[in-house]
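Participant: here is a sequence together with a model predicted from it:
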Amino acid sequence: MVSCNTLTNSFDRLSLPPLGGNLGWQIVYAAASVSLQVVSNRYTTAQITGSVTDTHATPVANLTVFACTTNANNSLFLSTTTDAGGNYVLNVANGTWCVGVQGLGCGYDDVPPQYPVVNNANQVVNFVVQPAGRPALAWRVSGGILLLSWPAAAQPFHLQTALNLSDQRSWVTLPVAPVQMGGQMMVAAPLLPGTHFYRLIKP
């Protein structure tokens, strides 16, 4: 189920099963709902191809690569998986595409998407993923203050926050320096209303 609590949310990282035979997912927006339909993607003009490797230049197989776009009110979401050589191919139409890798939860840190523009020519989009190694982030509330902590041995990391998880570009680094207390790094942040997400990321 996809849900949101504002009128301005966008969804650019949907986890949908790959479709073969020049088929794609069409995202249909209505006044109070969003629906998904399987539609033909046969009117393609080019391909987005590339490879996914890890930080040791080793190909990563069976990782999902997705592409989504909105062209003239026609929102499409395509996905495929990398082969044994870490390569992938997506048949696409002209337009600006958001291409990304769904690495989080598959043993790899998430990577920022890329935005190639397709205009009757193939585009190459490559990704380098890093094995997940973020420490566990703990939290507690004390006196109206949110205390976030993680093991000091896992240095260095920056603490980031976002209001939603649908847009990876919305993550911002908290302008508060962590303080080491015993074996933990700790950040004290104001307890704000609404939903907030936090993560650790390497600089």
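Facilitator: Yep, it's here.
Participant: tally of neighbours for Val172?
Facilitator: A total of 10 residues lie near Val172 under the criterion other C-beta atoms under 10 Å. In this view, the C-beta of every residue, glycine as well, is placed from N, C-alpha and C.
Participant: wait, it sits on Ala162?
Facilitator: Yes - between Val172 and Ala162 there is a contact under C-beta atoms under 8 Å: 7.2 Å.
Participant: break the protein down into its structural domains.
Facilitator: For the chain, automatic domain parsing gives the domain ranges 23-129, 138-201.
Participant: what mean pLDDT does the longest one get?
Facilitator: Right, domain 23-129. For domain 23-129, mean pLDDT is 80.
Participant: now the nearest residue to Asp109 once chain neighbours are set aside: how far from Ile145?
Facilitator: Leaving aside its sequence neighbours, Asp109 sits nearest to Gln130 (C-beta to C-beta, 6 or more residues apart in numbering; 4.8 Å). With distances taken as C-beta to C-beta, to the nearest Å, Gln130 is found 32 Å from Ile145.
Participant: Asp83 against Val60, yeah?
Facilitator: No - using C-beta under 8 Å, Asp83 makes no contact with Val60, being 10.4 Å away.
Participant: tell me which of the two has more neighbours.
Facilitator: Neighbour count, other C-beta under 10 Å: between Asp83 and Val60, Val60 has more, with 21 against 13.
Participant: what residues are up against that one?
Facilitator: Contacts here follow C-beta atoms under 8 Å, 6 or more residues apart in numbering; on that basis Val60 touches Val52, Thr53, Asp54, Thr82, Gly86, Tyr108, Val129.
Participant: look up phi and psi at it.
Facilitator: phi -110, psi 120 (degrees, to the nearest 10).
Participant: now the one 3 residues further on
Facilitator: Note on Leu63: backbone dihedrals following degrees, to the nearest 10 are phi -100, psi 140.
Participant: could you do Gln168 as well?
Facilitator: Residue torsions, per degrees, to the nearest 10, at Gln168 are phi -60, psi -20.
Participant: tally of neighbours for it?
Facilitator: Around Gln168 there are 16 residues (other C-beta under 10 Å).
Participant: Pro113 is in contact with that one, correct?
Facilitator: Yes - contact criterion C-beta under 8 Å: Gln168 and Pro113 qualify, at 6.6 Å.
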